[in-house]
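S.K.: Pasting a predicted model and its sequence here:
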Amino acid sequence: MNKTRILEEHLKPMFRIFRRVRYGLSASRNTRRYLLYAFGEMVLVVIGIVIALQIDNWNEWRQEREDEQIVLSQLRDDYRANLAQLEQKMDMRKSIIKASLSVLGAMDTPGEIKRDTLIGHLTVLLVDPTFDPIENDLSSSGDLRLITNQDLKRLLSNWTADIVGVRELEQNWSDIVFQQLQPVLTDLGISRDLANYFTNDLKVDWSLAAGARLQQQDIGASTQGASVLEITGSKELEGLVSFAITYNATANLQSEILRERIEEIIAHIDREIQE
C-alpha cells in the first residue's frame, strides 16, 4: 500500500466529521464562523497528515528492523561457516608445509626414510586447499541498506575484495600442482603409489566433513615406480616441494588477515542481533 492510500485510510474518519460540520455551517449562512472553521479544518488536516506520515514511517522503520534481524541471523550463520572452512583450509596448508619439510629432509639424507613414508609425504602435497566461501549478495539484492551498523556495512561491502588475495595464491599453487608437480610425479612412476596412499591411508582432513575418508580400494603399490634414491634425487621435484612451502605459507599469512576480518564481522553481527 502506497503512502497516498495509507493517508486516505487514516484520515477518512476525520474527513467524514469535517464534512458534516461544514455542511451545517454552510446551511446556517454564517460566513465568519464558516471561514474560521475552514481555517481550523485546514490546520487539523495538516496535523493529521503529519501524524499519519509519522505513524507510517514508524511502521516502515519497525518492519525494516525486523527484516534486518533476519538478514543478520543468516549472515551470522554464513560467516561462521566461512570461518570454519577457512580454518580447515589453513590446517590443510600446514599439513602441506610439514610434509614438504619432511620431503626436503629426506632429500638431504635419503638413507634415513622409508619409501612408504616418503610416498605419504608426497601425497599430502596433492591436497588442494581451495577456500570457497559463501559470498553475500547484499548489494545486488538491496538488503545492504537494512544494515544500520555502518562499520558492519563497510566490512560486508569489502568482503569480496578481501578474499581475492587468498584465492589468487591458492590458484597459483593449484596451477603448479596440476601443471608441474603431477607430471614430475608421473614421470617418476609413482602415481599408483600416491593414489593408493591417498585412498587408503591419508589422514589429512581434506574434506569439509572433518574426518571424512574415502572407501578403501585395493589399488596396491607400484612394482615399477622410482626408488627412494631416484625420488629424492629429482632436482625438479626438490624445487616444486620448496615452492609448496612458500606458496602455502604465504596463503596462510593472507588467511590469518582474512580470519581476523571474519571474526570482526561476526562480532559486529553478534552485537546487533537481538536474541
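M.R.: Received the coordinates, thanks. Note that this is a predicted model, so its numbers are computed, not measured.
S.K.: ok, residue 96 - contacts?
M.R.: 124, 125, 127, 129, 244, 248 (Cβ atoms under 8 Å, 6 or more residues apart in numbering). C-beta coordinates here come from the backbone N, C-alpha and C atoms, glycine included.
S.K.: Looks like residue 174 contacts residue 127 (just checking).
M.R.: No - using Cβ atoms under 8 Å, residue 174 makes no contact with residue 127, being 10.7 Å away.
S.K.: So which of the two has more stuff around it?
M.R.: Neighbours were counted for residue 174 and for residue 127 using other Cβ atoms under 10 Å; residue 127 has more, 18 against 14.
S.K.: May I have the residues that are in contact with that one?
M.R.: Counting by Cβ under 8 Å, 6+ apart, residue 127 has contacts 92, 95, 96, 202, 204, 206.
S.K.: again, but for residue 160
M.R.: residue 135.
S.K.: and it, what pLDDT?
M.R.: Looking at residue 160, its pLDDT is 84.
S.K.: Near residue 164, how many other residues are there?
M.R.: 10.
S.K.: Make 564 the first number, not 1, from now on.
M.R.: Will do, 564 is the new start, and the previous item becomes residue 727.
S.K.: Give me the three-state assignment for it.
M.R.: The three-state label given to residue 727 by DSSP: H, G, I helix; E, B strand; the rest coil is helix.
S.K.: Same check on residue 781?
M.R.: coil.
S.K.: and if you look at the one 4 residues further on?
M.R.: With three-state DSSP as the basis, the three-state label of residue 785 is coil.
S.K.: And for residue 696?
M.R.: Residue 696 ends up coil, using three-state DSSP.
S.K.: who's in contact with it?
M.R.: Counting by Cβ under 8 Å, 6+ apart, the residues that residue 696 touches are 645, 648, 649, 726.
S.K.: same thing with residue 755?
M.R.: 782, 783, 784, 785, 788.
S.K.: make it 10 Å
M.R.: Listed by Cβ atoms under 10 Å, 6 or more residues apart in numbering, the contact set of residue 755 reads 782, 783, 784, 785, 786, 787, 788.
S.K.: Residue 679 too?
M.R.: Residue 679 sits in contact with 756, 759, 760, 764, 784, 791, where contact means Cβ under 10 Å, 6+ apart.
S.K.: Just the buried residues out of those, in ChimeraX syntax.
M.R.: The following ChimeraX line selects those of the contacts of residue 679 that are buried, judged by 16 or more other Cβ atoms under 10 Å:
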select :756,759,760,791
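S.K.: Could you identify the least confident member of the contacts of residue 679?
M.R.: Out of these, that is residue 764, at 77.
S.K.: which residue packs closest to it, ignoring adjacent ones?
M.R.: In space, and not counting its chain neighbours, residue 764 is closest to residue 683: 6.6 Å by Cβ to Cβ, 6 or more residues apart in numbering.
S.K.: what about the one you found, which helix or strand?
M.R.: helix 678-687 (DSSP states H and E).
S.K.: Could you give me the buried positions within that helix?
M.R.: Those would be 678, 681, 682, 683, 684, 685, 686, 687, for helix 678-687 by 16+ other Cβ under 10 Å.
S.K.: Where does pLDDT dip in the stretch 564-713 of the chain?
M.R.: 564-608, 611, 615, 701-704 (pLDDT under 70).
S.K.: Try it again at 90.
M.R.: Within the stretch 564-713 of the chain, the segments meeting pLDDT under 90 span 564-631, 633, 690-711.
S.K.: Would you confirm that residue 671 contacts residue 796?
M.R.: No - between residue 671 and residue 796 there is no contact under Cβ atoms under 10 Å: 11.7 Å.
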